[in-house]
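Engineer: coordinates for the following, if possible.
(chains A and B)
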Amino acid sequence: MKHILSQVFHSGKFVVGFCIFMSILLLMIFYPIFNPGNPLQIVSIGTFAEPGIYVSVYDAVDSDMNTLKLDEAPAKRLDSVLKSEDRVKMVMWFDAAGIPVDNLSIHDTEALLTLWEENYDATIRPEGMTKADRNYFQRLDGNLKKVIVTHDKVLARQDPSSSELSVIRTIEDTDYVNIKKVANVKRLPLGTDNFGRDVLKELAAAIKTSIFIGLVAGSIATLIGLTFGLLSGFIGGLVDDFIMFITNIFTVIPAFVLLILISYSIGQDQRGPTTVAVVIGLTVWTWTARAVRSQVISLRNRDHVNLSKLSGHNLFLIIFTDILPYIASYVIMALILQISGAILAEAQLSLLGLGPKTTEVPTLGLMMNWSMLYTAHLNGYWWAYFPVILTIALISFSLNLMNTGLDQVFNPTLRD
Amino acid sequence: MSGYRKYFGKKILWFTITFVVAVLLNFILPRLMPGDPVAVITAKSAQGMSEASAVKEVYEHYAEEFGVNDPMFKQFITYFKNALKGDFGLSFSQYPRKVSDIISDAIWWTIALQLPAIIVGWLIGNTLGALAAYIRKGFDKAVMPVALFLSSLPPFGMAVLLLVLFAIKLDIAPTSGGYGYDMIPNFSWTFIKSVISHYQLPFWSIVIFATGGQAIGMRSMSIYELNADYVKYSRFLGIKDRTIVGYVFRNAMLPQITGLALSLGTMIGGALVAEIIFSYPGLGTTLLSGITMSDYPLLSATTLIITFMVLITTFAIDIIYGFIDPRVKAAQFDE
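Structural biologist: The predicted structure is shown next:
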């Protein structure tokens, strides 16, 4: 056993796959510890908040402020409202309004702004410019005015009875707050999803459910496949004919179709993760049965098996001591493939709207389904779908890689 | 020729049995569903009726209409006969369209998309796998992990990534549909051009997905064959490397053909989900609308048609296999 393990861990492919899989497991285990709470809790109002660090403005204005004199601050402030496409649009406005722009570089911010300030007039209606365009320039002008001239901002409190405003403090453009001093700072490394739930927290929980589904479905499929394969291969005769009859039929009828029909028949209310896992397990065992059967047939007439038979050992003893140890590595590889297949099957079922009940647990497929229903991919909300695709791909990739590594260890012909 | 006849006869028998079982499953599974569908329909149309006997009459009327009073066996015969005639009843969600009309609209889109895509993916995958096995070294080291990663990417994931990259970021392909939304299908040049541009992304996402798995399978098969005794013997005899490679690939190819037949169901399933991402007007989208609209006749007919497509293709592969595998041929003539 120890020898086999050391051999397995010498295979580069296995080690890489193992490391990827372990890091996914670590994320699944440790993220909820650092960030406890219900993964389905809605934290933001509105859909798809961008990834980042959210600082409570309410708390920030009450925190102690430091004055920092930073030279680059005004330029940064300007950059945040004046993107390069805005600069191009400004030049287009000058062109349309007939203002000469010789030697004006769009990177020369100062010249651009002076020219803009001198010439921009919201009442001018250059020819060929749509109303939407004119509105855009008005908005841009407003934003620019806000940052070019630095007014102090005044913070006021409203008296609930008289609605009168009383000044609390003035905020200058050089006031800074240490993020550590702000009482409420929320880190959303992957933003929020369409319901306003923390995507990373949900992802960690979804990985857990999906791996659970994979394990349950994979174990069921492997167990059925192994039992059928062993009986069919070892006993032969009528039992073999019967099992192979069933296996052949279910190999040709796509498991995908059976999954859809069964899941649909079960109905939305009955579909928990366990039910879905069992259904997947019950439909995908066929190729394991076929593979195990062919392995067993090649073992059936080996000398040690015949010796066992002659010694009068019963069927189960022979299977457990003389057959199973020889195909154990093979069965483990089949199990790994079944697990990754089941995770994918759940995701596809969920995309068809036949996944586990949505309100109870997150799964990778359900996250994908919701982000597609809210067209996250068409609107550039990459954080809602890309991490999910990547996670499914990495889980499946790492399992396949481990499988290939094992294959090379146990099938010397494939070794490099 | 009698050997072939026997081989085909056996395959046709298998095909028929599997088909009957598929129809049977399609018939039985939904009927195992908890709850009484007739009661649901009755409850809908009998809303507001207070008299119990009137409700009962409505229920009996519907039960008669849908034939649920007949014994199961008789129901199945009716179902099977109608299915063979292509009569799947009326769609609930697109009433009063016939289910068979909806499917006959969708099926050609799916066939035209998936058949070429799977064949192209299979060819590219096998070539890459064979090359990786033959060249080994650097090429193998690069191709293997990439192929493994591509085959690990779920087909819908591939579809989403291609969609975001080419249709949204680069804006060189349309995002959804089978043709421009402002067009009516006809044989004009603009329409064909629109169809072709809408075809690209779904097509390549299926090709890439099919390529990865095939490349890995072909690589292992080829390595296995390259180490076989007959290769060593041929080398020993001084047969040219090229000729040997020909032998090897022919032998490695055969299991790949069976492999294609076995993985066809999974591939088509994945490709159907990829269709949904592009709202391609094929069976995948039909399937989704059947599910979301609770349109049972549509869903059941679509799954039956998909099963039938997989069965036919598997059958065709079996027949082709019978012609090209010398061992099958030999076995037939020995008998």
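Engineer: C-alpha from now on. contacts and neighbour counts both.
Structural biologist: Fine.
Engineer: what about the most centrally placed residue in chain B, helix or strand, and which?
Structural biologist: The centroid of chain B falls nearest to residue B:268 when counting by C-alpha atoms, centre = their mean (3.0 Å). Here residue B:268, judged by DSSP states H and E, is contained in helix B:241-277.
Engineer: excluding sequence neighbours, find me the nearest residue to the residue nearest to the centre of chain B.
Structural biologist: Spatially, and ignoring its direct neighbours in sequence, residue B:268 is nearest to residue B:114 (7.4 Å; C-alpha to C-alpha, 6 or more residues apart in numbering or on different chains).
Engineer: tilt between the host helix or strand of the one you found and helix B:241-277?
Structural biologist: Taking DSSP H and E as the criterion, residue B:114 maps to helix B:99-135. Comparing the axes of helix B:99-135 and helix B:241-277 via axes from the mean of the first three to the mean of the last three C-alpha atoms, to 10 degrees yields an angle of 150 degrees.
Engineer: average pLDDT for the helix or strand that helix B:99-135 is followed by, rounded please.
Structural biologist: Proceeding N to C from helix B:99-135, the next assigned helix or strand is helix B:137-152, under DSSP H and E. What helix B:137-152 shows for mean pLDDT is 80.
Engineer: one more: stretch B:59-72?
Structural biologist: 72.
Engineer: now do the residue nearest to the centre of chain B against residue B:311, distance only.
Structural biologist: Note on residue B:268: its distance to residue B:311, by C-alpha to C-alpha, to the nearest Å, is 12 Å.
Engineer: ok, residue A:189 next?
Structural biologist: 47 Å.
Engineer: got it, and residue A:79?
Structural biologist: Distance from residue A:79 to residue B:311, by C-alpha to C-alpha: 61 Å.
Engineer: which residues of chain A lie near chain B?
Structural biologist: A:249, A:251-257, A:261-262, A:264-267, A:344, A:348, A:351-354, A:372, A:377-378, A:389-390, A:392-394, A:396-397, A:400-401, A:413-414 (C-alpha under 8 Å from any C-alpha of the partner chain).
Engineer: give me the buried positions along the helix or strand hosting residue A:240.
Structural biologist: According to DSSP H and E, residue A:240 maps onto helix A:237-252. The neighbour-count check on helix A:237-252 (16 or more other C-alpha atoms under 10 Å in any protein chain shown) flags A:240, A:243, A:244, A:247, A:249, A:250, A:251, A:252 as buried.
Engineer: now do stretch A:315-329
Structural biologist: In stretch A:315-329, counting by 16+ other C-alpha under 10 Å, buried: A:318, A:319, A:322, A:323, A:324.
Engineer: residue A:79 and residue B:311: which is more packed in?
Structural biologist: More neighbours surround residue B:311 than the other of residue A:79 and residue B:311, with 23 against 14 (other C-alpha atoms under 10 Å in any protein chain shown).
Engineer: for the closest residue to residue A:167 other than its chain neighbours, give me its contacts.
Structural biologist: Nearest non-adjacent residue to residue A:167, counting by C-alpha to C-alpha, 6+ apart: residue A:156, 4.3 Å away. By C-alpha atoms under 8 Å, 6 or more residues apart in numbering or on different chains, the residues touching residue A:156 are A:165, A:166, A:167, A:168, A:169.
Engineer: could you redo those as JSON lines and give each row secondary structure, pLDDT and neighbour count?
Structural biologist: As requested, the contacts of residue A:156 are arranged in JSON lines below (DSSP: H, G, I helix; E, B strand; the rest coil; pLDDT from 0 to 100; neighbours: other C-alpha atoms under 10 Å in any protein chain shown):
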{"residue": "A:165", "secondary structure": "strand", "pLDDT": "85", "neighbour count": "12"}
{"residue": "A:166", "secondary structure": "strand", "pLDDT": "84", "neighbour count": "12"}
{"residue": "A:167", "secondary structure": "strand", "pLDDT": "85", "neighbour count": "10"}
{"residue": "A:168", "secondary structure": "strand", "pLDDT": "82", "neighbour count": "11"}
{"residue": "A:169", "secondary structure": "strand", "pLDDT": "82", "neighbour count": "13"}
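Engineer: residue B:89: which of these is nearest?
Structural biologist: Nearest to residue B:89, judged by C-alpha to C-alpha, of these is residue A:165 at 70.7 Å.
Engineer: and the stretch 51-200 of chain B, which residues reach chain A?
Structural biologist: B:148, B:149, B:152, B:153, B:154, B:156, B:157, B:160, B:164, B:168.
Engineer: let's see 10 Å
Structural biologist: Contact residues (C-alpha under 10 Å from any C-alpha of the partner chain) of the stretch 51-200 of chain B with chain A: B:133, B:136-137, B:145, B:148-158, B:160-161, B:163-164, B:167-169, B:175.
Engineer: could I have the CA atoms of stretch B:108-125 written out in CSV?
Structural biologist: Output in CSV follows, covering the C-alpha atoms of stretch B:108-125 (Å, rounded to 0.1, in the frame of the first residue of the first chain):
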residue,chain,number,x,y,z
TRP,B,108,-33.0,20.2,-38.8
TRP,B,109,-31.2,23.0,-37.0
THR,B,110,-29.9,20.5,-34.5
ILE,B,111,-28.9,17.9,-37.1
ALA,B,112,-27.2,20.5,-39.3
LEU,B,113,-25.3,21.9,-36.3
GLN,B,114,-24.3,18.8,-34.3
LEU,B,115,-23.6,16.2,-37.0
PRO,B,116,-20.9,18.2,-38.8
ALA,B,117,-19.6,19.5,-35.4
ILE,B,118,-19.2,16.1,-33.9
ILE,B,119,-17.6,14.7,-37.0
VAL,B,120,-15.1,17.6,-37.3
GLY,B,121,-14.3,17.4,-33.6
TRP,B,122,-13.8,13.7,-33.9
LEU,B,123,-11.4,14.0,-36.8
ILE,B,124,-9.4,16.9,-35.3
GLY,B,125,-9.3,15.1,-32.0
